[in-house]
Structure formats: C-alpha cells, structure tokens
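> 3D model of this:
(chains A and B)
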Amino acid sequence: METNYALNGRVRTSAAVSKKSGAGKAGAKLLPYTMVAPSIAVFCVFILYPIGYMIYLSFFHWNLIGPKTFIGLENYLDLLHDADFWQVMGNSFLYMFLMVSFSLMIPLLLAFTLKQDTRLNKFLQGVLFTPYIVSLVSISYVWMWMMDSDYGLINYLLHLFGMSPVGWLSDPSVALPSLIFVSVWKGIGYNTIIFISSMETIPQYLYEAANLDHAKKHTVFFRITLPMISPTIFFLTLMNIISAFKVFETVNLMTQGGPMNSTNTLVYDIYQYGFQFYKIGYASAMGVVLMGIIGICTVLYFRALSRRIHYR
Amino acid sequence: MKRNVLRRAGRGLAGLILVLIFFAPFYWMVLTSLKTLGQTLKMPPDFWVSDPQWRNFSEVMRRIPFFSMLKNSIIVTIGILVCQCLTVIPAAYAFARFQFRGSSFLFGLTLTTMMIPAQMIFLPLFLMFSKMQMINTYASLILPSASSAFAIFMMRQTFKQVPDEIVEAARLDHAGEFKIMCRVMLPIARPTVVTLALITFIATWNDYFWPLVLTTKDTVRTLPVGITALHLDEGGIDYNVLMAGNVLLVIPVMIAFFFAQKQIIKAFTYIGDK
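Got it, this is the predicted structure:
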C-alpha cells in the first residue's frame, strides 16, 4: 500500500484475474475492450496524437497561413544558436531548481512540526492548504497587487521597518524569485499534507525506541523520519519538477515574461512563438525540448525508485 | 517550567506568523475589493474599510459578461464531470477485474498520460481543433478532459479492494457485468467517486490555461479568463474592481472548502499517498 501510485502500475497482482464461467463467447471477450475504449480514445486523440503532430510540425517552417515547408532539423539548429532561447532555458532551470528545493524543504520542516494530531495543528494544516485550491488567476493578481512597487502592501511593510522599496516584479534580478515565491506559497500546504500523511505511516515503535535512547530531535528527523518517507520525497520531487516546468499562469498574468525577459520560461515562450509570432515549427521544436526534459526526469525517477529507495 | 512557557509562546507566535502569511493575501483581496479606487492608492494603506464599496461588484458585471461566463464555467465543469463518470468508471472496472490481452499495455499507456501536462501539447491541440473548426465550442473545452488517467487509477485501486466473494455472489445470482458494476461495486466505491468529483470540480473551475488557449471569443470563455479581462481592459489597473472579480471567482471554491475541508484535504492526499 505504501508504494507510490506510479509504481503500482508495474506491479502485477493476481487479484484482478477473473475467470468467466461461460468462456469463449466473443461478446464476453470484447467486453473489457469496449469498457476501456472511450478513455483510451480520449488519451489517443487528445494527448498522444498531439504529441506526434508536435514532433512532425517541429520539422517544418509554418506561419499558419502559408504552406508548410519541410526544413529538417533547422528549427532545432536555430534553437541551439538562439541566445534568447538559452536565456529562457536558464530561467526555467533556475526556476525549477529553486522552486523544487523550497517546495520540499519548507513543507518537510512544517510537516515534522505539525504532524501531531492536535486541534491547532489540524487548523494550521487547513490554513496552509487554502491557497492550493484557489485559482492561479486570483493568486497571481493578489500577489501582483501586494508586490506593486508604489502602492503594494509588502513595500509598505518594508517601509515601516525602515527598508527601501523593492521592485518585486519590475526589477529584473528580483522578478523571477518573486514568481518562485508565489508558486512555493501556493504549493506548501499540499506538499506539507502529503508529507504528514506519509509520516503517519511510520511505525510508532521506531520513535519509541529512539526515545529510549534519548535521541535528539534532529537525529530522529534525519535517522528515522527522512529515510522512512524517502519514497514520498522522490515522488514529490518529480511532481514539483513537472509543475515547475509547466509554469505559465503567473508569468502570463504578473510579468508577461519581463522585465527584460528575466521571467520568460519555456511554456510562456512556446505560447508567444505559437500565438503571437506564429512561428509554429519553432514553437513545436521548443515543445519537443520540453517533452524531452520531462521525459528524462520521469525515467530518472523510475530508475531511482527501483534502486535506492527504502522499501517497506 | 519557565522554559516550557517560553517554548509554548514561541510555538504560538510561529503559528500566528504562519496564519498571517497564508491568510493575509486573502484578507487583502477582500479588503481591496471593498475600497474606492482612491483608497487603494492611499499611503499608508487602510487596514479596514468603514464604508464598503459594494458597487465594485456590479462594476465587475458591467465590464465583463459575468453571468454568461458563469454559465460557461458551470457548463464546462458539469460536462467534464459527466464525461469522466461515463469513461472512467467502466475503464477502471475493466482494469481492476479483467485480465485481457494488452491490458497491462493499455494501463501503462493510461499511466503515462498522467505525466504529460496540458502545457506541453496545447499548441498542436489548438491547431487540431482549429482544423476541425471547433475553436470556441464547449466541446473543445470538455473533450480533452473527458477522461482522466488519475481518476481511472484511483477507481481501479478502489474496485480492487472489493472482496472477490461479493462479486462471485452476485455472479451466482446471474447478475451481468453491468449490473455488478452499478449495483455492487459503485455503492462501495462511493467515497472515492465523491472525492474524485471534488478534485475535478476544483481543477476545472480554477482552470485558466485551457480556456485561454482554446477560445478566442467571450461566448464560451469561462470565469477565470473573464476575470483577466478586468486587468487588460483599460489603461491602468483598477485593483479594487480586479479584486472584486477575484472574490467572485474564489467564493464557490471557498464555500466548498469550508464545508468539506476534511474531505478535500483527504482527497488531495490520496494522490501522493496510495
């Protein structure tokens, strides 16, 4: 039960075997196929086919109106020599690295302190979780408002403490960290609660034994809690990496990729090339790059999962 | 003794700071939505309004076709919920109960699609829909989410936990597969169904990306996209009106969260934990 869901798909269990009594009838044999057909059709038409189409388009030059011209790998070669693209990649990876680090470390500590089943802790968990269920549209706007450099709440509070105002979204060196902050803030509650529910499954006798040995709190954390929840840590790492690479809403609503391209990330760049510059082939090539990144992370995750993690 | 008091005070203070960090933005949103434009530009800002400006909300409805977008949001949300019920339940049942040729391949394929975010494939999907002249239709907003790999996975887990004896007993009574699925399995799986419906409702209601990408006209646009029109509309940003729009967008989800907080949190924990 404690393995991650993605793993469960690979583990064959025999409980599902069902022997039909009147076997051999064609109708009975077809039944499972008709039952899965609608879902499989949805996945094929709206997920797999678009992937194929995207790969196909990445070999063409196309501006939506004129004819498609086959240009082989030229889009990819152009990407390699495009300084803006490398900046976008740099932004995306920086965003991913910082967001994943903070989205794991802060919730880990919060979960460790809030895991006891008290009323206050339950209330705090609910509070932390609230942003997670609110639309990114509202969240982007409310933070954009609070981060306003002239009339924003945050700069006013800084002013109260005698600090000079910060251009949270207008200073090229601060804007990306500001967006990262918003994403981390939104996800903290979710990650914390997943960690807590994973910590709840750790057998109590391990903590009792540590108690008998007068183990320090941080020793308990690093020697018992952390190793026991490592599958969850790996799972959330993958989920956060994927969610970091697909960031779009905050960028589109709060900064439009600016200032000076400092918050332009992969999905937003694809969106711009596709819907504003109509360079479909080029945008598709970027989509393929994004797919490669996510694919590599997923494969690494499964390989790590099958090797290093503590199993129960 | 003294140390204990200090520690408790420290914990309380930390808790208070946490609450502030996570609630302040929502308080600020509601407060701003009740201010006049002049008050939003005041320094130092007011932390309370004595004379709430309810007309900011009617201003939202004047600037965007609020009710038609609300209707669109409801249609798309219900459409996706209904479609997912029809596609997910039979598929999950088949994956849980039958061992058929290619079943592990098809299930693997289903799981793989979970790793593919909408943000990766929106461009080809948009082109596909525009080739089929389906941009600005409800179908283009509903169909890509007409099934859910995650929901199939969760339902399959639940179905598998139903003891075989119950199913066998129903078979002895000559119940057909369809009857077993609807009359025996579904009632047992009801908590999972409710859970998944809540998750789908929240995700669809909040979704900004699909409606932005797959629509070009207000006629089918949903509320989250509509709210953004308040920002792009006129030159400067009237934060009081924009926040009023946000409040309207957030209210349904907050009501759901208020009444079903335990269930919603549990629903989302399911994802990471099973």
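> where in the chain is pLDDT low?
All of this is about chain A. Scanning chain A for pLDDT under 70 picks out A:1-26, A:308-312.
> Chain B, not that one
In chain B (pLDDT under 70), the answer is B:1, B:232-235, B:270-274.
> go again using 80 as the cut-off
Applying pLDDT under 80 to chain B flags the ranges B:1-3, B:174-175, B:232-236, B:267-274.
> domain parsing for it?
B:2-56, B:64-233 (automatic domain parsing).
> who's in contact with the nearest residue to A:W168 once chain neighbours are set aside?
Spatial nearest neighbour of A:W168, excluding adjacent residues (C-beta to C-beta, 6 or more residues apart in numbering or on different chains): A:M147 at 3.6 Å. From N, CA and C alone the C-beta is placed, and that goes for glycine too. For A:M147, the contacting residues are A:154, A:168-169, A:178, A:254, by C-beta atoms under 8 Å, 6 or more residues apart in numbering or on different chains.
> one more time with 10 Å, if that's ok
A:M147 sits next to A:153-155, A:166-170, A:174-175, A:178-179, A:181-182, A:254 when contact means C-beta atoms under 10 Å, 6 or more residues apart in numbering or on different chains.
> Just these: which are in helices?
A:153-155, A:175, A:178-179, A:181-182 (DSSP state H).
> so B:F107 makes contact with A:V36?
Yes - B:F107 lies in contact with A:V36 (C-beta atoms under 10 Å); the separation is 8.6 Å.
> neighbour-wise, which of those two wins?
A:V36 (26 against 22; other C-beta atoms under 10 Å in any protein chain shown).
> Pull up the gap between the more buried one and B:I188, please.
As for A:V36, its distance to B:I188 is 21 Å (criterion: C-beta to C-beta, to the nearest Å).
> Quick check: buried residues in the helix or strand containing B:F178?
Using DSSP states H and E, B:F178 sits in helix B:177-179. Of all the residues in helix B:177-179, those buried under the rule 16 or more other C-beta atoms under 10 Å in any protein chain shown are B:E177.
> same thing with stretch B:196-208?
For stretch B:196-208, by 16+ other C-beta under 10 Å, it's B:196, B:198-202, B:204-208.
> gap between A:G152 and chain B?
9 Å (C-beta to the nearest C-beta, to the nearest Å).
> Count the neighbours of the residue in the stretch 201-312 of chain A that chain B sits nearest to for me.
In the stretch 201-312 of chain A, the residue that lies nearest chain B is A:K246 (3.9 Å; C-beta to the nearest C-beta). A:K246 has 18 neighbouring residues, counting by other C-beta under 10 Å.
> same thing with A:S173?
Count around A:S173 with other C-beta under 10 Å applied: 10.
> Verify the stated contact: it with A:L94.
No - in this structure, A:S173 is not within contact of A:L94 by C-beta under 10 Å, at 11.6 Å.
> quick one, phi/psi of A:H61?
The phi/psi pair for A:H61 (degrees, to the nearest 10) reads phi -100, psi 130.
> and it, what does it touch?
For A:H61, the contacting residues are A:67-71, A:74-75, A:279-282, by C-beta under 10 Å, 6+ apart.
> Go again with 8 Å.
A:H61 sits in contact with A:68-69, A:71, A:74-75, A:281, where contact means C-beta under 8 Å, 6+ apart.
> next one: B:I89
B:155, B:181, B:186, B:193.
> and if you look at B:R183?
B:170, B:175.
> Can you classify it by secondary structure?
helix (DSSP: H, G, I helix; E, B strand; the rest coil).
> Quick one: neighbours of the residue nearest to B:C83 when sequence neighbours are not counted, just the number.
In this structure, B:C83 finds its nearest non-sequential neighbour in B:A146, 3.9 Å apart by C-beta to C-beta, 6+ apart. Residues near B:A146, counting by other C-beta under 10 Å, number 22.
> B:A146 touches A:I40, doesn't it?
No - using C-beta atoms under 8 Å, B:A146 makes no contact with A:I40, being 11.7 Å away.
> picking up where we left off before, OK, contacts around the residue of the stretch 201-312 of chain A closest to chain B?
If you count contacts by C-beta under 8 Å, 6+ apart, A:K246 has them with A:267, B:117-120.
> Please repeat the previous calculation with a cut-off of 6 Å.
Contact analysis of A:K246 by C-beta atoms under 6 Å, 6 or more residues apart in numbering or on different chains lists A:267, B:117, B:119.
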